[in-house]
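J.: Quick check, what structure comes out for this input:
(one chain, ligands or ions: 2)
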Amino acid sequence: MALYALGDLHLSFQTDKSMDVFGGVWRHHEKKIEKQVNRLVKPEDTLVLTGDHSWGRKLEECREDLDFIENLPGRKILLRGNHDMFWDAKKTERLNEEFQGRLFFLQNNFAVYRDYALVGTKGYTFEGPFYLNRRGQILGWDEKKEQQARKLVSREMTRLREAFRQAWEAGYRKFILFLHYPPTNILEKTSPFTEIAEQYRAEAVVYSHCHGESRFGDSIRGEYHGIKYYLVSGDYLKFRPQLVLE
Ligand SMILES: [Fe+2]
Ligand SMILES: [Fe+2]
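T.: Numbering: from 1, shown residues only. Ligands and ions are numbered 1, 2, ... in the order given. You can find the predicted model right below:
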């Protein structure tokens with residue numbers, strides 16, 4: 001039994017949105033996902049998909065993408081990404097009823113893996129615009145947008161605290177935290193997300209969203225303050241799921 005994570009499948013079986021313009025790694029990427037996931041993930045395993053599943057804007061435009069995910073091996077747990085327009089955070093329960101026994105939508109709730117509680121939310125982080133000089137050093141940033149970002153971070157933290165609270169009340173003391181956005185941005189060493197991970201002594205923080213060579217180093221990777229940080233964007237991993245726990 002193993003716990004794997006992979007993010008940003010960006011499927012588009014029903015929409016006219018090709019990812020090919022983003023580089024060779026995205027060419028026929030659904031075939032790569034199918035091949036890599038089938039090679040690694042066994043039916044008894046758990047696979048957490050960390051958001052940006054589908055380009056469809058409504059659930060009806062995502063049916064084939066969600067079918068594709070359902071047909072991958074293992075138990076599938078989904079997190080909300082910034083592109084998952086089909087998933088209204090307030091209607092998560094409805095999705096969980098509809099997909100019961102097939103897909104689990106992780107939001108304001110938690111999932112169990114062995115004696116671990118898996119908690120997660122989309123997260124948020126300020127991504128600029130940053131004002132750079134010719135050498136690429138940061139001279140400043142859009143402060144209005146940064147203010148806006150603080151509000152979104154605080155909303156996401158409310159949701160995350162609720163998930164941790166539920167898991168704690170249910171008796172769980174071991175946690176893995178999943179986020180779609182990276183836990184910190186290029187200006188930060190810590191954030192409310194790293195703080196809550198430390199407060200609950202999460203063993204790992206798993207996130208995606210960062211695409212392309214120039215963004216892979218935006219946040220924490222490796223061990224920091226005793227917690228393992230994994231970037232699991234599909235293109236970063238070449239669609240090979242990351243092993244989080246055995
Ligand atoms: Fe993405
Ligand atoms: Fe994203």
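
J.: Please work out how many residues are found near the residue of the chain found nearest ligand 2.
T.: Residue of the chain nearest ligand 2, by C-beta to the ion: His209 (3.8 Å). Yep, even glycine has a C-beta here, placed from its N, CA and C like the rest. By the criterion of other C-beta atoms under 10 Å, His209 has 27 neighbours.

J.: Could you work out the end-to-end span of stretch 56-63 for me?
T.: Start-to-end span of stretch 56-63 (C-alpha to C-alpha, to the nearest Å) is 9 Å.

J.: Contacts for it, please.
T.: Ser12, Gln14, Thr15, His53, Ser54, Trp55, Asp65, Met85, Phe86 (C-beta atoms under 8 Å, 6 or more residues apart in numbering).

J.: so Ser54 makes contact with Asp65?
T.: Yes: under the criterion of C-beta atoms under 8 Å, Ser54 makes contact with Asp65 at 3.9 Å.

J.: circling back to that earlier point, out of the contacts of stretch 56-63, which are buried?
T.: Buried by 16 or more other C-beta atoms under 10 Å: Ser12, His53, Ser54, Trp55, Asp65, Phe86, out of the contacts of stretch 56-63.

J.: if we can go back for a sec, wait, what's in contact with the residue of the chain closest to ligand 2?
T.: Each residue near His209 by C-beta under 8 Å, 6+ apart is listed here: Gly7, Asp8, Thr50, Gly51, Asp52, Gly81, Asn82, His180, Tyr181, Pro182, Ser233.

J.: Run a quick neighbour tally on the third one.
T.: Read it as Thr50. Applying other C-beta under 10 Å, we find 33 residues neighbouring Thr50.

J.: Number of residues surrounding the nearest residue to it once chain neighbours are set aside?
T.: Using C-beta to C-beta, 6 or more residues apart in numbering and skipping residues adjacent in sequence, the residue nearest Thr50 is Gly7, 3.5 Å away. A count of nearby residues for Gly7, using other C-beta under 10 Å, gives 32.

J.: Quote the end-to-end distance of stretch 23-32.
T.: 14 Å.

J.: buried stuff in that stretch?
T.: Val25, Trp26, His29, Glu30, Lys32.

J.: Pull the most distant pair out of those.
T.: By the measure C-beta to C-beta, Val25 and Glu30 form the most distant pair in the buried residues of stretch 23-32, at 12.6 Å.

J.: what does this protein have sitting close to ligand 2?
T.: Neighbours of ligand 2 within the chain, by C-beta under 5 Å from the ion: Asp52, Gly81, Asn82, His209.

J.: May I have the residues that are in contact with the residue in the chain sticking out farthest from the centre?
T.: The outermost residue of the chain relative to its centre, with distances by C-alpha atoms, centre = their mean, is Arg134 at 33.0 Å. Counting by C-beta under 8 Å, 6+ apart, Arg134 touches no other residue.

J.: now swap in Asp235 and tell me
T.: Asp8, Phe22, Gly23, Val25, Trp26, His211, Gly212.

J.: which one of those sits closest to Pro192?
T.: When the contacts of Asp235 are compared for distance to Pro192 (C-beta to C-beta), Asp8 wins out at 22.7 Å.
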